[in-house]
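In: using only what follows, build the 3D model:
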Amino acid sequence: MENVEIKKLTPSDLDQFIELIRVFEDVFEMKQFQMPKSNYLQSLLERDDFFVFVSIWDGKVVAGLTAYLLRQYYSERPLVYIYDLAVQTHLQRKGIGKSLIASINSYCKEKGMEEVFVQADLADDYALDFYKATGGRAEDVVHFYYPL
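Out: Residues are numbered from 1 along each chain as shown. I've put the predicted structure just below:
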């Protein structure tokens, strides 16, 4: 899609981070969502192990992703885990998501990261197809979680 700017957010971009969270809220249909306090979100943007990339179109955040840097002990090169990625529904399938993946992969390669990875639910055919189409390689794993 033309005229879409990809931007890695800095600590001075809190308003755009909040705009992205609103995109997540809408796309993921998060009912009863309560936005965390601004000072908490600001502290995330100031971390060196948390990344936010957004797609800006017509002056508004329309898509983005968040990712965490995971320092390893098997290697000095860290891994990066994409935690969330969403594109406003009416703008999906226009290349915006692919450009976000390309941007974080390029950034991480430039910074010497070992690998970027992401999880997708087996039932989410759209996400599985998307990650395959962007060059992702699937692994058969089972994700366990412990509710606390």
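In: buried set for the strand ranked longest in the chain?
Out: Assignment by DSSP state E gives strand 60-70 as the longest strand of the chain. By neighbour count with 16 or more other CB atoms under 10 Å, strand 60-70 contains the buried residues 61, 62, 63, 64, 65, 66, 67, 69. Bear in mind the C-beta positions are built from the backbone N, C-alpha and C, glycine included.
In: and the furthest pair within the residues you listed?
Out: Of all pairs drawn from the buried residues of strand 60-70, the widest gap by CB to CB lies between 62 and 69 and measures 25.1 Å.
In: and the end-to-end length of stretch 66-77?
Out: The stretch stretch 66-77 measures 19 Å between its terminal residues, going by CA to CA, to the nearest Å.
In: contacts for it next, please.
Out: Outside of stretch 66-77, the residues that reach it under the criterion CB atoms under 8 Å, 6 or more residues apart in numbering are 20, 48-53, 78-85, 104, 112-114, 116.
In: can you turn the buried part of these into a ChimeraX selection?
Out: One line in ChimeraX is enough to select the buried ones among the contacts of stretch 66-77; burial here means 16+ other CB under 10 Å:
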select :20,51,52,53,78,79,80,82,84,85,104,113,114,116
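In: roughly how far apart are residue 116 and residue 61?
Out: Going from residue 116 to residue 61 by CB to CB, to the nearest Å gives 21 Å.
In: next: residue 10.
Out: From residue 10 to residue 61 the distance is 14 Å (CB to CB).
In: the residue nearest the centre of the chain: what's it in contact with?
Out: Centroid check for the chain by CA atoms, centre = their mean gives residue 65 as the closest residue, at 2.0 Å. Shown in contact with residue 65 (CB under 8 Å, 6+ apart): 52, 53, 82, 83, 84, 85, 86, 100, 101, 104.
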